[in-house]
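Peer 1: structure of the sequence below:
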Amino acid sequence: MSSTIRTRWNLLQWIDGHVDDHRELANDRIEWFRAVPFILLHVACLGVFFVGVSPVALAVAGALFVVRMFFITAFYHRYFSHRAFRTSRFFQLCMGIAGCTAGQRGPLWWAGHHRHHHAHADSPADYHSPREKGFLWSHTGWFLTEAAFATPVALLPDFEEYPELRLLDRFDWVPFVLLGVGLGVLGGAQVLFWGFFVSTVLLYHSTYTINSFAHRFGSRRFATRDDSRNNFALALLTLGEGWHNNHHHYPASARQGFYWWEIDLSYYGLWLMSKLHLIKDLRGVPARALALRRIDAGAGR
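Peer 2: Numbers count the residues shown, from 1 in each chain. Coordinates of the predicted model:
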């Protein structure tokens with residue numbers, strides 16, 4: 001083991017040993033001033049009552065909801081968080097920029113906190129477990145805390161070496177703001193309010209359901225150590241993320257709908273991208289993983 005890797009490993013161990021204290025600091029103090037942009041995005045949705053509605057505005061809102069949901073689920077989650085496929089350094093940056101248009105902070109921030117979640121899912125150290133802090137906290141409160149604004153770079157030894165990703169993570173708001181400006185300039189106020197504000201807020205809360213609803217409601221196929229559930233409705237809403245118990249059982253897979261009847265639109269999109277040679281080496285689910293710790297085979301929780 002090289003000295004660099006050993007240093008990173010020791011730092012990870014230190015974080016694990018101090019995470020409970022760190023979590024209490026983060027979860028007990030919401031940074032209301034820094035939360036103002038998030039709150040204003042919700043308030044801005046009221047503008048639709050002044051600008052009206054049209055088929056074009058609704059179509060733009062729907063399209064940007066679906067496309068940006070894919071950027072989060074396929075890029076932020078399955079690539080940056082779990083390395084479920086491979087790609088070039090250039091397209092890696094393109095995926096990061098695309099993900100930033102969803103307004104859910106940078107790819108390193110997102111991936112680092114998600115890796116932390118998997119390491120401590122539904123334990124006292126988990127930032128957004130509904131078991132620990134309640135449903136609303138897991139849905140929205142946790143990421144507005146003092147410590148949650150920081151990017152946990154210690155959990156990202158595979159990405160912190162890329163200066164362009166660190167820069168993007170620092171200025172993650174730029175692609176998001178440019179999207180809003182572009183919609184306003186090209187489509188006018190109606191497209192801006194529906195296509196940017198409403199679409200973004202709906203995207204926010206749809207994504208958050210995986211932290212909250214998917215740990216409370218649904219079925220369990222695998223005896224994971226957390227409360228993750230499979231939920232068909234959430235899988236449709238989030239392009240496949242609702243197969244959450246599947247995912248916690250085998251996070252490395254690019255496919256979260258393990259069987260053909262489990263619709264996973266994000267995986268279908270990644271499969272198409274692999275055929276276009278934009279990405280490669282999509283990870284599947286080994287047969288042994290499908291048979292391991294199945295609740296219907298008598299495995300306990």
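
Peer 1: rest of the way, CA atoms for contacts and neighbours
Peer 2: Fine.

Peer 1: quick one, what contacts S81?
Peer 2: By Cα atoms under 8 Å, 6 or more residues apart in numbering, the residues touching S81 are W110, A111, G112, H114, R115.

Peer 1: 6 Å - rerun?
Peer 2: Contact analysis of S81 by Cα atoms under 6 Å, 6 or more residues apart in numbering lists A111.

Peer 1: against A252, how distant is it?
Peer 2: Noted for S81: a distance of 9 Å to A252, by Cα to Cα, to the nearest Å.

Peer 1: same question, F38
Peer 2: Separation of F38 from A252 (Cα to Cα): 31 Å.

Peer 1: who has more neighbours, the two?
Peer 2: When F38 and A252 are compared for neighbours, A252 comes out ahead with 20 against 15, by other Cα atoms under 10 Å.

Peer 1: Y162: how many residues sit nearby?
Peer 2: Y162 has 11 neighbours, counted by other Cα under 10 Å.

Peer 1: so what does it have for phi and psi?
Peer 2: Per-residue torsions, Y162: phi -100, psi 110 (degrees, to the nearest 10).

Peer 1: likewise for W243?
Peer 2: The phi/psi pair for W243 (degrees, to the nearest 10) is phi -80, psi 60.

Peer 1: grab the nearest non-local neighbour of it.
Peer 2: N230 (4.4 Å; Cα to Cα, 6 or more residues apart in numbering).

Peer 1: likewise G103?
Peer 2: F176 (5.6 Å).

Peer 1: picking up where we left off before, bridging across strands, which residues link to the residue nearest to W243?
Peer 2: With DSSP bridges as the criterion, N230 is bridged to S219, W243.

Peer 1: and it, how many residues sit next to it?
Peer 2: When neighbours are defined as other Cα under 10 Å, N230 has 27 of them.

Peer 1: in the strand or helix carrying the residue nearest to G103, what's buried?
Peer 2: Using DSSP states H and E, F176 maps to helix 173-192. Buried residues in helix 173-192, counting neighbours by 16 or more other Cα atoms under 10 Å, are found at W173, P175, F176, L179, G180, L183, G184, G187, A189, Q190, V191, L192.

Peer 1: just the CA atoms of it, as CSV, please.
Peer 2: Below are the C-alpha coordinates for helix 173-192, written out as CSV (Å, rounded to 0.1, in the frame of the first residue of the first chain):
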residue,chain,number,x,y,z
TRP,A,173,-23.9,26.9,-8.9
VAL,A,174,-22.6,28.3,-12.2
PRO,A,175,-24.2,25.7,-14.5
PHE,A,176,-27.4,25.9,-12.5
VAL,A,177,-27.7,29.7,-12.8
LEU,A,178,-26.7,29.6,-16.5
LEU,A,179,-29.6,27.2,-17.1
GLY,A,180,-32.0,29.6,-15.4
VAL,A,181,-30.7,32.6,-17.3
GLY,A,182,-30.8,30.7,-20.6
LEU,A,183,-34.4,29.6,-20.0
GLY,A,184,-35.4,33.2,-19.2
VAL,A,185,-33.7,34.7,-22.2
LEU,A,186,-34.8,32.1,-24.7
GLY,A,187,-38.3,31.3,-23.4
GLY,A,188,-39.4,34.3,-21.4
ALA,A,189,-40.9,34.5,-17.9
GLN,A,190,-43.4,31.6,-18.4
VAL,A,191,-40.7,29.1,-19.4
LEU,A,192,-38.4,30.4,-16.7
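
Peer 1: mind checking how far it is from the chain centre?
Peer 2: Chain-centre distance of helix 173-192: 23 Å, with Cα atoms, centre = their mean, to the nearest Å.

Peer 1: contacts for that helix?
Peer 2: Helix 173-192 is contacted by residues V51, A57, C100, T101, G103, F196 when judged by Cα under 6 Å, 6+ apart.
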